[in-house]
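Student: pasting a predicted model and its sequence here:
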Amino acid sequence: MAGGRKRGDKRGTTAPAAAGEPRAKRLRTAKGRRLSSSRWLTRQLRDPYVAAARSRGYRSRSAFKLMELDDRFHFLKPGSRVVDLGAAPGGWSQVVAERIKAGRPGGGRLVAVDIMEMEAVAGARHLTLDFLAEAAAAEIKAELQGPADVVLSDMAAPATGHPRTDHLRIMALLEAAYAFAREVLRPGGVFLGKVLRGGTERDLLDALKRDFREVRHVKPPASRKESAEIYVVATGFRGASEGE
């Protein structure tokens with residue numbers, strides 16, 4: 001009957017059309033958000049890296065991922081020229097500045113690049129721009145005063161909750177970062193980028209193996225066990241012309 005209830009409908013489960021989405025769905029969503037927020041807060045409070053970052057003045061726990069990677073592979077050397085792509089909020093830039101002695105006499109040069117403005121990191125040169133823009137590579141090289149020794153990318157697109165989509169989005173960022181790195185790295189240079197495992201990374205890894213003398217996959221201890229992220233550390237850049 002027009003305007004009536006279908007068989008199996010329950011009274012009170014839907015709000016009037018003008019009120020928007022069904023009330024039950026709103027309740028489930030609100031409850032889900034509360035549970036998710038509670039889990040996140042519990043995890044943060046129990047995470048020793050979060051506490052260590054706070055006590056040592058780092059802007060993010062991810063600073064420890066970079067420390068652990070550098071402790072193993074030793075690519076952040078005093079005097080090096082380094083580009084930190086997607087630098088905000090600045091945790092990685094803080095580590096780089098310390099280790100290459102950026103801003104000190106005889107120290108290295110760090111260019112922190114992000115499309116968003118960020119609080120300055122002592123010793124770093126900040127560029128608020130899209131590294132994919134046509135003139136970006138030349139501008140970054142000018143700030144570096146020469147080719148880069150290291151290009152870093154810890155970039156990640158906002159998560160959608162759909163693993164396949166998230167994988168494709170982060171891989172697109174990594175591929176763009178790698179294409180940029182090939183423009184600015186010196187022969188022998190290092191590229192470090194975040195990978196989200198999901199099955200489409202093979203082509204990029206093959207390209208890296210062609211262009212670098214050694215390519216390793218690493219999950220540093222500071223990376224949460226439940227995270228699908230790993231890092232690719234490519235050392236010994238052959239140079240664009242040699243790799244082609």
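Tutor: Good, I have the coordinates.
Student: all contacts plus neighbour counts: C-alpha atoms, from now on.
Tutor: Noted.
Student: my guess is residue 178 is in a helix, correct?
Tutor: Yes - judged by DSSP: H, G, I helix; E, B strand; the rest coil, residue 178 forms part of a helix.
Student: my read: it touches residue 191, true?
Tutor: Yes - at 7.5 Å, residue 178 counts as touching residue 191 under the criterion of Cα atoms under 8 Å.
Student: out of these two, which sits in the busier spot?
Tutor: residue 191 (26 against 20; other Cα atoms under 10 Å).
Student: that one against residue 235, yeah?
Tutor: Yes - taking Cα under 8 Å as the definition, residue 191 is a contact partner of residue 235 at 6.6 Å.
Student: run through the strands of the chain in chain order.
Tutor: 81-85, 109-114, 124-128, 148-153, 185-196, 212-218, 229-237 (DSSP state E).
Student: Throw the ones you listed into TSV and include distance to residue 96 and mean pLDDT, thanks.
Tutor: Below are the strands of the chain laid out as TSV (distance: least, Cα to Cα, whole Å; pLDDT from 0 to 100):
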stretch	distance to residue 96	mean pLDDT
strand 81-85	8	98
strand 109-114	7	97
strand 124-128	9	96
strand 148-153	10	97
strand 185-196	13	94
strand 212-218	19	95
strand 229-237	16	95
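Student: could you dump those into TSV and include distance to residue 67?
Tutor: TSV is the format used below for these (distance: least, Cα to Cα, whole Å):
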stretch	distance to residue 67
strand 81-85	14
strand 109-114	16
strand 124-128	17
strand 148-153	13
strand 185-196	13
strand 212-218	13
strand 229-237	13
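Student: next, the distance between the ends of stretch 223-236.
Tutor: End-to-end distance for stretch 223-236: 25 Å, by Cα to Cα, to the nearest Å.
Student: relative to residue 139, how far out is the nearest residue to residue 234 once chain neighbours are set aside?
Tutor: Among residues not flanking residue 234 along the chain, residue 215 sits closest, at 4.4 Å (Cα to Cα, 6 or more residues apart in numbering). Distance, residue 215 to residue 139, by Cα to Cα: 28 Å.
Student: still on that earlier bit, of the strands of the chain, which is nearest residue 160?
Tutor: Each of the strands of the chain has some distance to residue 160 by Cα to Cα; the shortest is strand 185-196, at 13.5 Å.
Student: for the closest one, C-alpha coordinates in PDB please.
Tutor: The C-alpha trace of strand 185-196 is given here as PDB (Å, rounded to 0.1, in the frame of the first residue of the first chain):
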ATOM      1  CA  LEU A 185      70.200  13.000  -7.800                       C
ATOM      2  CA  ARG A 186      73.900  12.900  -8.400                       C
ATOM      3  CA  PRO A 187      75.500   9.600  -9.600                       C
ATOM      4  CA  GLY A 188      76.000   7.500  -6.500                       C
ATOM      5  CA  GLY A 189      73.000   9.100  -4.800                       C
ATOM      6  CA  VAL A 190      70.300   7.500  -2.600                       C
ATOM      7  CA  PHE A 191      66.500   7.300  -2.900                       C
ATOM      8  CA  LEU A 192      64.400   6.300   0.000                       C
ATOM      9  CA  GLY A 193      60.600   6.000  -0.300                       C
ATOM     10  CA  LYS A 194      57.600   4.500   1.300                       C
ATOM     11  CA  VAL A 195      55.800   1.500  -0.300                       C
ATOM     12  CA  LEU A 196      52.400   0.100   0.600                       C
END
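Student: now that strand: buried residues?
Tutor: For strand 185-196, burial by neighbour count (16 or more other Cα atoms under 10 Å) applies to 185, 186, 187, 189, 190, 191, 192, 193, 194, 195, 196.
Student: stretch 216-232 too?
Tutor: Residues of stretch 216-232 classed as buried by neighbour count (16+ other Cα under 10 Å): 219, 220, 222, 223, 229, 230, 231, 232.
Student: for stretch 155-174, same thing?
Tutor: Buried, per 16+ other Cα under 10 Å, within stretch 155-174: 155, 156, 166, 167, 168, 169, 170, 171, 173, 174.
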